[in-house]
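S.K.: got a predicted structure plus its sequence, pasted below:
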Amino acid sequence: MGSHGSLGNVGITTLDHLRIEKKNGTEKIVRVAASTRPEDVGAVDLIINFVKCYHTVAAMRAALPLFRDDTTILSLQNGRGNAERISEIVGHQRLLVSLTYHSAMLLAPGQNRHPGTGITYVGELGGRITPRLTAVVDALRSAGFEVSESSRILDEVWKKLALNACTLPTAALLGFCAHRLTQHAGTRELMRGLLAEVAQVARAQAIQFDENERWEAITGLLERAVGAKGSMVQDVQAKRPTEIDVIDGAIAAAGHRLGIATPLNESMVWMLKSLEESYLDWAST
């Protein structure tokens, strides 16, 4: 996704629309100027990388025709490791990191359900509040998003990582919608145990992390997200690879590096990998 001063002269090859179904059942149709050919669009100010972790490298290589010397790349993705992958291709100096608490479900090509809204955080990895950071935040706010500049974006990344590590694999393995995770003692205990491991690993890396605050935030979000399906549930149901490697896998890897045991997060990785293999192996035969 690129920002550009005008859509009238950038070589857009298709003009289509997105149909967005809101939580209250109403629909919004948004006209979208889109192209599958980055070279037709040309250089842009901002590129938002909003793809699954396993598509990051391919997406960045495909987006190279959009870059000029001062182009900024914003990673708006789940998990840990995307920033490093992007930096290897286009350099860390171009990079901004972001995360969002919006939730959405793909119903069909060009049709989405948007059951949950939330804040979006954007920051520089070095913690500075720079002119380009402010410009990106202002642009997102002008589009109607609730956005916060963060001088400690890695703290926010770990808070979102905690949410995902606790909820996504648990829901995916059970086929639960988000709100059902809070309705059973077993899932609550499992998520609390996963969170305790995340907190220990985060604090060992000087991340500011309040475990009790995160638990209240996670359970509150789940209770409000009635009917919402987490991204990993959607992946499993569609028989796609999941992002378990950069979520619970990232917690387990950091734990190994730091000498911290993370048996629950490791178990989630083993189980999701087994589940993936069951349908991905079948699909390849």
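M.R.: That came through, no problem.

S.K.: read off the pLDDT value for the nearest residue in space to residue 239 that is not next to it in sequence.
M.R.: Once flanking residues are discounted, residue 239 sits nearest to residue 279: 4.4 Å by CB to CB, 6 or more residues apart in numbering. Every C-beta, even on glycine, is put in place using the N, C-alpha and C of the backbone. The confidence metric pLDDT takes the value 93 at residue 279.

S.K.: equivalent analysis for residue 54, please.
M.R.: At residue 54, the pLDDT value in this model is 88.

S.K.: let's have the chain start at 857 instead
M.R.: OK, 857 is where the count begins now, so the last one is residue 910.

S.K.: distance-wise, check it relative to residue 938.
M.R.: Between residue 910 and residue 938 the computed distance is 10 Å (CB to CB, to the nearest Å).

S.K.: for stretch 1107-1116, give me every contacting residue.
M.R.: 936, 1017, 1021, 1053-1054, 1056-1057, 1060-1061, 1117-1118, 1121-1122, 1125 (CB atoms under 8 Å, 6 or more residues apart in numbering).

S.K.: just the buried ones from those residues, in ChimeraX syntax?
M.R.: The buried residues among the contacts of stretch 1107-1116 can be selected in ChimeraX (16 or more other CB atoms under 10 Å) with this line:
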select :936,1017,1021,1053,1054,1056,1057,1118,1121,1122,1125
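
S.K.: the residue nearest to residue 981 when sequence neighbours are not counted: which element?
M.R.: Leaving aside its sequence neighbours, residue 981 sits nearest to residue 953 (CB to CB, 6+ apart; 6.0 Å). Per DSSP states H and E: residue 953 is located in strand 951-956.

S.K.: pairing partners for that strand, with directions?
M.R.: strand 928-932 (parallel), strand 976-979 (antiparallel) (DSSP bridges).

S.K.: can you tell me the average pLDDT over the last one?
M.R.: Yep, that's strand 976-979 we're talking about. pLDDT averaged over strand 976-979 gives 95.

S.K.: list the buried residues in the helix or strand where residue 1089 lies.
M.R.: Element membership of residue 1089, judged by DSSP H and E, is helix 1087-1093. Residues 1087, 1088, 1089, 1090, 1091, 1092 are the ones in helix 1087-1093 that count as buried (16+ other CB under 10 Å).

S.K.: I'd like these as a markdown table, with pLDDT and distance to residue 990 appended.
M.R.: Output for the buried residues of helix 1087-1093, formatted as a markdown table (pLDDT from 0 to 100; distance: CB to CB, whole Å):
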| residue | pLDDT | distance to residue 990 |
| --- | --- | --- |
| 1087 | 91 | 29 |
| 1088 | 95 | 34 |
| 1089 | 95 | 36 |
| 1090 | 92 | 34 |
| 1091 | 94 | 35 |
| 1092 | 96 | 39 |
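
S.K.: tabulate these (TSV), appending distance to residue 1098.
M.R.: Listed next are the buried residues of helix 1087-1093 as TSV, based on distance: CB to CB, whole Å:
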residue	distance to residue 1098
1087	8
1088	5
1089	10
1090	10
1091	5
1092	7
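
S.K.: right, and residue 1026 touches residue 1043 too?
M.R.: Yes - using CB atoms under 8 Å, residue 1026 is in contact with residue 1043, at 5.8 Å.
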